[in-house]
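J.: what follows is a predicted protein model with its sequence.
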Amino acid sequence: MKLIDHTARWFLGASAAVFMLAGGLLFLLLTVIFREEIDEQLNLRAARAVALLSHHQSITDPFANVEPITASAPRVSTTYRDTLVYDEVSAENEPYRLLRKEATIEGQRYEITLLASRLEWEDLFQALLLVFGFVILLLLVVGFFLQKMVARRVWRPFFQYLQSVRTFSIKQESPSFFEKSAIAEFEELRQALTQLTEQVQRDYLALKNFSENMAHELQTPLAIIQTRLDQVLQEEQLPSETVARIVSVRQAAERITRLSRGLALLARIENTQFEREDMIQPQAVIAAQIELLEEMTEAKGLKINFLRETSPVLKGNLYLFQILISNLMGNALRYATVNYPLEITLNAASLSFQNHAKPYAGNPAALMERFVKDNPASESTGLGLSLVKEIAAFHGWRVVYLIEGEVHRLEIHF
């Protein structure tokens, strides 16, 4: 539910409760006022009847009844009450207000009974309540839409800030713009968002520059080290022990090179420095990688079976997808068991790699974390599957790694 609708419903509910309470109080107040007005009229008519009796005149009020009572009769207390009287014209009982009181005139006691119709007063009462109900309903409807309109205007800066945050990109050169607001709370929010986006951009640029500089600056000395080592290895009459040490150093330098490239690539992926605008044909990329690794697979006595159930087209980054396929195939072939083929299955919903390798007792998902290897002594950098995981996450794909005995199966769900 939207914020404006939520507040509008609360406003409508609270207003309805207040108006219902006001309506109830109005009903009670009008009831008391009308009853007092009728009782006052009854008292005036009773006083007129007593005056007529005092002057020995007849009472012409059709709703007045005067009866003489004996001196020994019980005293008649003054009472007001509602009653019903049958009306022969309408053939139904009509509501009346009754007054009974006693009056003594020239030593004679009289019981005076007066009736006053409540029908006209009730009609007026109902008309007032109907008018009140209509006004309340009108106020609720008008107030509801007026409150929504005002809320939209008042909350406009908030929704503008929300849209700016949604479209914010740390790669844009100029900081995100948030319009100033005359409302103090929204102005505080604007300042906080401005500071946050500027800080995020500064941190992003610092990390980007660091990763790029690190990758660039490391390549030159590592290349020099490898070149010098190659030159030393070409010298004649080197002791075998020295050659072994130089080869070990060269392998370490190569590993550092691969490690720096992998970490730099991970940093670029995490910082979303790649676009996802390429139309990728997975079957073509996989076929090209199979052809590229054909000599290595033949040398190791391995076989690759590529099953294409469908030929989907994916939207993403072709360079990253090529790295993903290269890492998956390299990892599978590196640990695959001879005489068992590498099974690659592609369909519209997923891509899977299945091979036979040594059983793994741990959690397969842990192998996709950085620097986690089945064999700590392996020359691998420990970044291959973590790169697969990050590339898949970058594209919004899901990676599942399953191990059942010697069968290793890695699935990527598009």
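T.: Happy to help now that I have it.

J.: okay, the residue nearest to residue 280 when sequence neighbours are not counted and residue 158: tell me how far apart.
T.: Leaving aside its sequence neighbours, residue 280 sits nearest to residue 314 (CB to CB, 6 or more residues apart in numbering; 4.4 Å). Placement of C-beta: from N, CA and C, glycine included. Here residue 314 is placed at a distance of 38 Å from residue 158 (CB to CB, to the nearest Å).

J.: quick one: which of these two has more around it?
T.: residue 314 (19 against 16; other CB atoms under 10 Å).

J.: rewinding a little: which residues touch the residue nearest to residue 280?
T.: 279-280, 282, 321, 395, 414 (CB atoms under 8 Å, 6 or more residues apart in numbering).

J.: from residue 403, how far out is it?
T.: Residue 314 is 26 Å from residue 403, by CB to CB.

J.: any idea which of the contacts of residue 314 has the most stuff around it?
T.: Going by other CB under 10 Å, residue 282 tops the contacts of residue 314 with 22 neighbours.

J.: give me the nearest residue to that residue, chain neighbours excluded.
T.: residue 346 (5.7 Å).

J.: next: residue 190.
T.: residue 178 (4.5 Å).

J.: local confidence estimate at that neighbour?
T.: On the pLDDT scale, residue 178 is placed at 75.

J.: got it, and residue 135?
T.: pLDDT recorded at residue 135 is 86.

J.: try the one 4 residues further on
T.: In this model, residue 139 is scored at 84, pLDDT.

J.: likewise residue 215?
T.: 63.

J.: got it, and residue 373?
T.: We have a pLDDT of 63 for residue 373.

J.: gap between the residue nearest to residue 282 and residue 392?
T.: For residue 346, the distance to residue 392 - CB to CB - is 15 Å.

J.: what are the ranges of the strands in the stretch 51-200 of the chain?
T.: In the stretch 51-200 of the chain, the segments counted as strands under DSSP state E, counting those that start in this stretch are 64-69, 79-87, 92-105, 108-117.

J.: among those strands, which is the most enclosed?
T.: Counting by mean count of other CB atoms under 10 Å, strand 108-117 has the highest mean neighbour count of the strands of the stretch 51-200 of the chain, with a mean of 17.

J.: which neighbours in the sheet does that strand have, and how are they oriented?
T.: Note on strand 108-117: by DSSP bridges, its sheet partners are strand 64-69 (antiparallel), strand 92-105 (antiparallel).

J.: dump the residue contacts of residue 50.
T.: Going by CB under 8 Å, 6+ apart, residue 50 touches 103, 105, 112.

J.: can you classify it as helix, strand or coil?
T.: Under DSSP: H, G, I helix; E, B strand; the rest coil, residue 50 falls in the helix class.

J.: could you do residue 399 as well?
T.: Per three-state DSSP, residue 399 ends up strand.

J.: could I get the full set of helices for this protein?
T.: Assigned by DSSP state H, the chain shows helices spanning 3-54, 119-154, 156-166, 184-233, 240-270, 282-292, 294-300, 318-335, 384-395.

J.: highest mean neighbour count out of the ones you listed?
T.: The most buried one of the helices of the chain (mean count of other CB under 10 Å) is helix 384-395, showing a mean of 21.

J.: what's the angle from it to helix 240-270?
T.: Angle, helix 384-395 to helix 240-270, by axes from the mean of the first three to the mean of the last three CA atoms, to 10 degrees: 10 degrees.

J.: list the helices and strands helix 384-395 packs on?
T.: Packed against helix 384-395 by the contact rule (3 or more CB pairs under 8 Å, 6 or more residues apart in numbering; DSSP states H and E) you find helix 240-270, helix 318-335, strand 398-404, strand 407-413.

J.: what about 7 Å?
T.: helix 240-270, helix 318-335, strand 398-404 (3 or more CB pairs under 7 Å, 6 or more residues apart in numbering; DSSP states H and E).

J.: from the contacts of residue 50, which is closest to residue 31?
T.: Nearest to residue 31 among those is residue 112, at 25.5 Å by CB to CB.

J.: that closest one and residue 231, how far apart?
T.: In terms of CB to CB, residue 112 sits 137 Å off from residue 231.

J.: before we move on, what about residue 184?
T.: Taken as CB to CB, the span from residue 184 to residue 231 is 71 Å.

J.: what pLDDT does residue 50 get?
T.: 86.

J.: from residue 65, how far off is it?
T.: 14 Å.

J.: and residue 97, by the same measure?
T.: Distance from residue 97 to residue 65, by CB to CB: 15 Å.

J.: how about residue 309?
T.: Here residue 309 is placed at a distance of 104 Å from residue 65 (CB to CB).

J.: same question for residue 319.
T.: 109 Å.

J.: ok, the spatially closest residue to residue 270 that is not a sequence neighbour - contacts?
T.: Closest residue to residue 270 apart from its sequence neighbours, by CB to CB, 6+ apart: residue 390 at 6.8 Å. Neighbouring residues of residue 390 by CB atoms under 7 Å, 6 or more residues apart in numbering: 266, 269-270.

J.: which of the residues you listed sits closest to residue 130?
T.: Closest to residue 130, out of all of these and judged by CB to CB, is residue 270, at 68.5 Å.

J.: pretty sure residue 271 is touching residue 204, no?
T.: Yes. Residue 271 lies in contact with residue 204 (CB atoms under 7 Å); the separation is 6.2 Å.

J.: okay, and for the stretch 51-200 of the chain, where does confidence drop off?
T.: 171-177 (pLDDT under 70).

J.: go on, the stretch 301-414 of the chain?
T.: Residues of the stretch 301-414 of the chain that meet the cut-off, pLDDT under 70, sit at 371, 373-382.

J.: just checking, residue 365 touches residue 402?
T.: No. Here residue 365 lies out of contact with residue 402, judged by CB under 7 Å, at a distance of 9.9 Å.

J.: will you turn the strands paired with strand 108-117 into CSV that also has distance to residue 27?
T.: Listed next are these as CSV, based on distance: least, CB to CB, whole Å:
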stretch, distance to residue 27
strand 64-69, 31
strand 92-105, 16
